[in-house]
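Enquirer: I need the structure of the sequence given here:
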Amino acid sequence: MEVKLKNIAHIQFGYYAQPSKSGSIKYLQAKHFKDLGQLVGNNDAFLEDDEKTNSNLLEEGDVLFAAKGFRFFAALYKAEFGKAVASSIFFIIKPNPQKIIPGYLVSVLNLPKNLLHFQQSGAGSSIPSIRKNELLDFTFNLIPIAQQHKIVALQELYIKDLELTENLIKKKQLLFQTALSKIIK
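Expert: Residues are numbered from 1 along each chain as shown. Presented below is the predicted three-dimensional model:
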(Lines give C-alpha, C1' and ligand atoms only; values in the text may rest on other atoms or scores of the structure.)
Protein backbone atom coordinates (compact mmCIF):
# COMPACT_ATOMS: atom_id res chain seq x y z
CA MET A 1 0.00 0.00 0.00
CA GLU A 2 1.41 3.37 -1.03
CA VAL A 3 1.49 5.91 1.78
CA LYS A 4 2.79 9.43 2.33
CA LEU A 5 5.11 9.94 5.27
CA LYS A 6 2.84 12.69 6.65
CA ASN A 7 0.07 10.11 7.12
CA ILE A 8 2.09 7.85 9.42
CA ALA A 9 4.52 10.15 11.22
CA HIS A 10 5.06 13.55 12.78
CA ILE A 11 8.12 15.52 11.64
CA GLN A 12 9.94 18.28 13.48
CA PHE A 13 13.22 20.13 13.05
CA GLY A 14 16.35 19.32 15.00
CA TYR A 15 17.68 21.74 17.60
CA TYR A 16 20.16 24.50 16.79
CA ALA A 17 22.75 25.10 19.49
CA GLN A 18 26.45 25.77 19.95
CA PRO A 19 27.93 22.53 21.29
CA SER A 20 30.92 22.31 23.59
CA LYS A 21 33.46 19.63 24.49
CA SER A 22 31.77 19.18 27.85
CA GLY A 23 28.21 18.68 29.00
CA SER A 24 25.98 15.78 29.89
CA ILE A 25 23.82 15.57 26.74
CA LYS A 26 25.16 14.37 23.39
CA TYR A 27 24.58 16.75 20.48
CA LEU A 28 24.25 14.46 17.46
CA GLN A 29 25.59 15.73 14.16
CA ALA A 30 25.98 14.06 10.76
CA LYS A 31 29.67 13.34 11.41
CA HIS A 32 28.63 11.05 14.26
CA PHE A 33 26.99 8.57 11.86
CA LYS A 34 28.05 6.16 9.13
CA ASP A 35 26.21 6.14 5.80
CA LEU A 36 23.64 3.54 6.87
CA GLY A 37 22.88 5.41 10.09
CA GLN A 38 25.06 3.54 12.57
CA LEU A 39 26.27 5.76 15.39
CA VAL A 40 30.04 6.16 15.51
CA GLY A 41 31.34 5.70 19.06
CA ASN A 42 33.21 8.96 19.64
CA ASN A 43 31.00 11.91 20.36
CA ASP A 44 32.79 15.23 20.71
CA ALA A 45 29.81 17.59 20.92
CA PHE A 46 27.78 18.10 24.06
CA LEU A 47 25.12 20.39 25.49
CA GLU A 48 24.42 21.45 29.03
CA ASP A 49 21.48 19.88 30.82
CA ASP A 50 18.90 22.69 30.95
CA GLU A 51 15.18 23.17 30.32
CA LYS A 52 15.52 24.03 26.62
CA THR A 53 17.83 21.13 25.91
CA ASN A 54 15.64 18.70 27.86
CA SER A 55 12.60 19.73 25.82
CA ASN A 56 14.47 18.56 22.70
CA LEU A 57 15.68 15.18 23.98
CA LEU A 58 15.30 12.31 21.55
CA GLU A 59 13.04 9.39 22.40
CA GLU A 60 13.40 5.68 21.67
CA GLY A 61 12.27 5.04 18.08
CA ASP A 62 12.84 8.55 16.75
CA VAL A 63 14.16 8.50 13.20
CA LEU A 64 16.78 11.10 12.35
CA PHE A 65 16.96 12.15 8.72
CA ALA A 66 20.00 14.16 7.65
CA ALA A 67 18.46 16.60 5.20
CA LYS A 68 21.17 19.23 4.74
CA GLY A 69 24.52 18.89 3.08
CA PHE A 70 25.93 16.40 0.62
CA ARG A 71 25.14 13.21 2.54
CA PHE A 72 21.52 12.27 3.15
CA PHE A 73 20.79 9.28 5.41
CA ALA A 74 18.39 8.06 8.07
CA ALA A 75 19.31 6.77 11.52
CA LEU A 76 17.34 5.21 14.35
CA TYR A 77 17.77 6.69 17.80
CA LYS A 78 17.98 4.10 20.57
CA ALA A 79 17.87 4.88 24.29
CA GLU A 80 21.13 2.96 24.70
CA PHE A 81 22.89 5.91 22.99
CA GLY A 82 22.23 7.93 26.15
CA LYS A 83 20.58 11.32 26.49
CA ALA A 84 20.90 13.08 23.15
CA VAL A 85 19.60 15.97 21.07
CA ALA A 86 19.68 16.01 17.25
CA SER A 87 21.28 19.01 15.58
CA SER A 88 19.40 21.18 13.11
CA ILE A 89 20.87 19.24 10.18
CA PHE A 90 18.30 16.56 11.00
CA PHE A 91 14.58 16.21 10.72
CA ILE A 92 13.24 14.19 13.62
CA ILE A 93 10.58 11.79 12.42
CA LYS A 94 8.29 10.32 15.06
CA PRO A 95 6.57 7.34 13.41
CA ASN A 96 3.17 6.05 14.50
CA PRO A 97 4.13 2.62 15.95
CA GLN A 98 0.71 1.17 15.10
CA LYS A 99 1.42 1.77 11.42
CA ILE A 100 5.17 1.50 10.93
CA ILE A 101 8.21 0.15 12.72
CA PRO A 102 10.87 2.89 13.03
CA GLY A 103 13.62 0.53 11.82
CA TYR A 104 11.62 -0.22 8.68
CA LEU A 105 11.30 3.50 7.96
CA VAL A 106 15.08 3.84 8.32
CA SER A 107 15.56 0.99 5.82
CA VAL A 108 13.15 2.59 3.35
CA LEU A 109 14.72 6.05 3.62
CA ASN A 110 18.24 4.62 3.19
CA LEU A 111 17.42 2.77 -0.04
CA PRO A 112 19.71 4.11 -2.79
CA LYS A 113 16.76 5.01 -5.06
CA ASN A 114 15.16 7.06 -2.27
CA LEU A 115 18.42 8.79 -1.32
CA LEU A 116 18.86 9.67 -5.00
CA HIS A 117 15.31 11.07 -5.00
CA PHE A 118 16.18 13.32 -2.04
CA GLN A 119 19.49 14.38 -3.60
CA GLN A 120 17.69 15.42 -6.76
CA SER A 121 15.04 17.24 -4.71
CA GLY A 122 17.72 19.14 -2.81
CA ALA A 123 19.79 20.05 -5.85
CA GLY A 124 20.05 23.57 -7.16
CA SER A 125 21.59 25.38 -4.22
CA SER A 126 25.16 25.59 -2.98
CA ILE A 127 24.32 23.33 -0.02
CA PRO A 128 21.60 20.82 -0.88
CA SER A 129 18.74 20.58 1.60
CA ILE A 130 15.36 18.93 1.73
CA ARG A 131 12.35 21.03 2.65
CA LYS A 132 9.98 19.67 5.29
CA ASN A 133 7.08 19.51 2.80
CA GLU A 134 9.15 17.37 0.43
CA LEU A 135 9.79 14.92 3.24
CA LEU A 136 6.15 14.97 4.39
CA ASP A 137 5.02 14.19 0.82
CA PHE A 138 7.53 11.36 0.37
CA THR A 139 5.56 8.32 -0.83
CA PHE A 140 6.63 4.71 -0.33
CA ASN A 141 5.27 1.19 -0.04
CA LEU A 142 4.02 0.37 3.46
CA ILE A 143 4.04 -3.39 3.93
CA PRO A 144 2.34 -5.32 6.78
CA ILE A 145 3.97 -5.07 10.24
CA ALA A 146 5.07 -8.74 10.20
CA GLN A 147 7.01 -8.15 6.97
CA GLN A 148 8.43 -4.89 8.36
CA HIS A 149 9.92 -6.89 11.25
CA LYS A 150 11.60 -9.22 8.74
CA ILE A 151 13.07 -6.27 6.82
CA VAL A 152 14.42 -4.76 10.06
CA ALA A 153 15.98 -8.11 11.05
CA LEU A 154 17.56 -8.42 7.60
CA GLN A 155 18.91 -4.85 7.82
CA GLU A 156 20.41 -5.57 11.27
CA LEU A 157 22.12 -8.73 9.94
CA TYR A 158 23.46 -6.78 6.97
CA ILE A 159 24.93 -4.06 9.21
CA LYS A 160 26.45 -6.69 11.53
CA ASP A 161 27.99 -8.39 8.47
CA LEU A 162 29.48 -5.07 7.33
CA GLU A 163 30.95 -4.45 10.79
CA LEU A 164 32.51 -7.94 10.88
CA THR A 165 33.94 -7.42 7.40
CA GLU A 166 35.44 -4.05 8.40
CA ASN A 167 37.04 -5.65 11.47
CA LEU A 168 38.39 -8.52 9.36
CA ILE A 169 39.93 -6.07 6.87
CA LYS A 170 41.60 -4.13 9.71
CA LYS A 171 43.05 -7.36 11.13
CA LYS A 172 44.31 -8.41 7.68
CA GLN A 173 45.94 -5.00 7.20
CA LEU A 174 47.64 -5.27 10.59
CA LEU A 175 48.82 -8.82 9.86
CA PHE A 176 50.21 -7.76 6.47
CA GLN A 177 51.95 -4.67 7.89
CA THR A 178 53.44 -6.69 10.77
CA ALA A 179 54.73 -9.37 8.40
CA LEU A 180 56.13 -6.76 6.01
CA SER A 181 57.85 -4.90 8.87
CA LYS A 182 59.51 -8.14 10.06
CA ILE A 183 60.73 -8.96 6.56
CA ILE A 184 62.13 -5.47 5.92
CA LYS A 185 63.97 -5.18 9.27
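Enquirer: and the host helix or strand of residue 157, what's buried?
Expert: Assigned by DSSP states H and E, residue 157 belongs to helix 145-184. By 16 or more other Cβ atoms under 10 Å, the buried positions in helix 145-184 come out as 148, 151, 152, 155. In short, each C-beta sits where N, CA and C put it, glycine included.
Enquirer: return the residues in contact with the last one.
Expert: Think residue 155. Contact analysis of residue 155 by Cβ atoms under 8 Å, 6 or more residues apart in numbering lists 103, 106, 107.
Enquirer: from residue 184, how far off is the second one?
Expert: The gap separating residue 106 from residue 184 is 46 Å, by Cβ to Cβ, to the nearest Å.
Enquirer: next up, the contacts around the residue nearest to the spatial centre of the chain.
Expert: Geometric centre of the chain, nearest residue: residue 75, 2.0 Å, by Cα atoms, centre = their mean. If a contact means Cβ under 8 Å, 6+ apart, then residue 75 has 33, 37, 38, 39, 63, 64, 66, 106 as its contacts.
Enquirer: what's the burial count for the third one?
Expert: For residue 38, the neighbour count with other Cβ atoms under 10 Å is 15.
Enquirer: test my guess that residue 86 contacts residue 58.
Expert: Yes. The pair residue 86 / residue 58 is scored as a contact, 6.0 Å apart, by Cβ atoms under 8 Å.
Enquirer: anything in contact with each of those two?
Expert: 28, 64, 77, 92.
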